[in-house]
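# Just need the structure, nothing else, for what follows:
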Amino acid sequence: MITLDDIRAAAEVAAPYTIRTPQRASPALSQRLGCQVSLKLEMVQHSGSFKTRGAFHQMLALGDAALGRGVVAVSGGNFARAVAYCSGVLGVDAIVCMPQNAPAGSIAATRDYGAEVELLPDAVAAFARADELAAAGRSALHPFDNREQMAGNGSVALEILQDCPDLTDIIVSIGGGGLIAGVIAAVMAQKPDLRVWGVEPIKAPTMQRALAAGEIVNIVPGSLSATLGGPFVGQAALDLCQAHLEDLVLVSDMEMIAAQQWFIQHEDLQPELAATSTLAAALRIKDRLPADAHLALLICGCNDSDADIARYARLLEE
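Below is the predicted model of the structure:
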């Protein structure tokens, strides 16, 4: 299991390469939700998401010899961008295997950061190709089910608690579970009475299915949120959620889109749907939050393209 010492060590290792992202109060949301609300703006992290924290830690943990053989990763979105960014900074040769239906912006950004992209028919084929490249000698990186990745991700929770020592609640989105695993591990070791809420799309209920079955379940995700489109969650994430999650909230794509438009219009922010899911969840649980609560929304990324955001907005008008 990930420990607080693991997370603190990961934060120290990655600190020279990552941003200590800002956290700010939201008076408008505080009024709307009836309690104090803070926004952790992880969307301004290098490469546009929290994934960079874990990717740096995962890569640096490999050591020079393993990095010298080059790395290979699988991702349809933010992890691809993060690995490409980190490999460019560290001077590491990287190949990222991506499904052909990955967002065009993520494919372009991964190439722009300097990684070689191999496009495969689907995620299954992408994982298979990555396995081949790893068998040939490259060091494999996992987007979420990796101890170093989760510890690196958890460093964001250290910052949240430093900035908000009176925090009572936090909402975290779930794709493969690497972010919420790191957050839960960091939070429970320091403030075990803090309530951690998970959120995922109704059309990509990886954690919900796993919690119901008591084991990892493979699904076919169908949400518009590509970065919440993992086909399964990691075992460590499932174990931590079983033990510590206050509740899991499912939200619709339209709720995430409405929340995205609210951020654009009222907070001058343009988060991706995975990030706006936290506001959609908060609106669903607002009656369960007492007036003296202090809620943090983890705004995890900003990598939806302008074209995607405009397309989503049109769906609200139909």
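
# residues in contact with residue 26?
37, 38, 39, 267 (C-beta atoms under 8 Å, 6 or more residues apart in numbering). Where you see a C-beta, it was placed from the backbone N, CA and C, and this is true even at glycine.

# On the three-state scheme, the second one is what?
Read that as residue 38. Secondary structure for residue 38, judged by DSSP: H, G, I helix; E, B strand; the rest coil, is strand.

# which residues does it bridge with?
Taking DSSP bridges as the rule, residue 38 bridges to residue 25, residue 296.

# Pretty sure it sits against residue 293.
No - if you go by C-beta atoms under 8 Å, residue 38 and residue 293 don't touch, sitting 11.2 Å apart.

# Between those two, which is the more surrounded one?
Ranked by neighbour count (other C-beta atoms under 10 Å), residue 38 and residue 293 place residue 38 first, with 21 against 18.

# Report the separation between that one and residue 78.
Going from residue 38 to residue 78 by C-beta to C-beta, to the nearest Å gives 22 Å.

# Over to residue 256?
Here the criterion is C-beta to C-beta. By it, residue 256 lies 16 Å from residue 78.

# which residues touch the helix or strand of the chain with the lowest mean pLDDT?
The least trusted helix or strand in the chain, going by mean pLDDT, DSSP states H and E, turns out to be helix 123-135, with a mean of 92. Outside of helix 123-135, the residues within contact range by C-beta under 8 Å, 6+ apart are 72, 73, 74, 76, 95, 97, 98, 99, 118, 120, 140, 231.

# Which of these ranks first by neighbour count?
That'd be residue 73 among the contacts of helix 123-135, by other C-beta under 10 Å, with 31 neighbours.

# need the contact list for it.
Counted by C-beta under 8 Å, 6+ apart, residue 73 has contacts 79, 80, 83, 94, 95, 96, 97, 130, 140, 141, 142, 143.

# Any quick PyMOL command for the buried ones out of the residues you listed?
Buried subset of these, written as a PyMOL selection, criterion 16 or more other C-beta atoms under 10 Å:
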select buried, resi 79+80+83+94+95+96+97+130+140+141+142+143
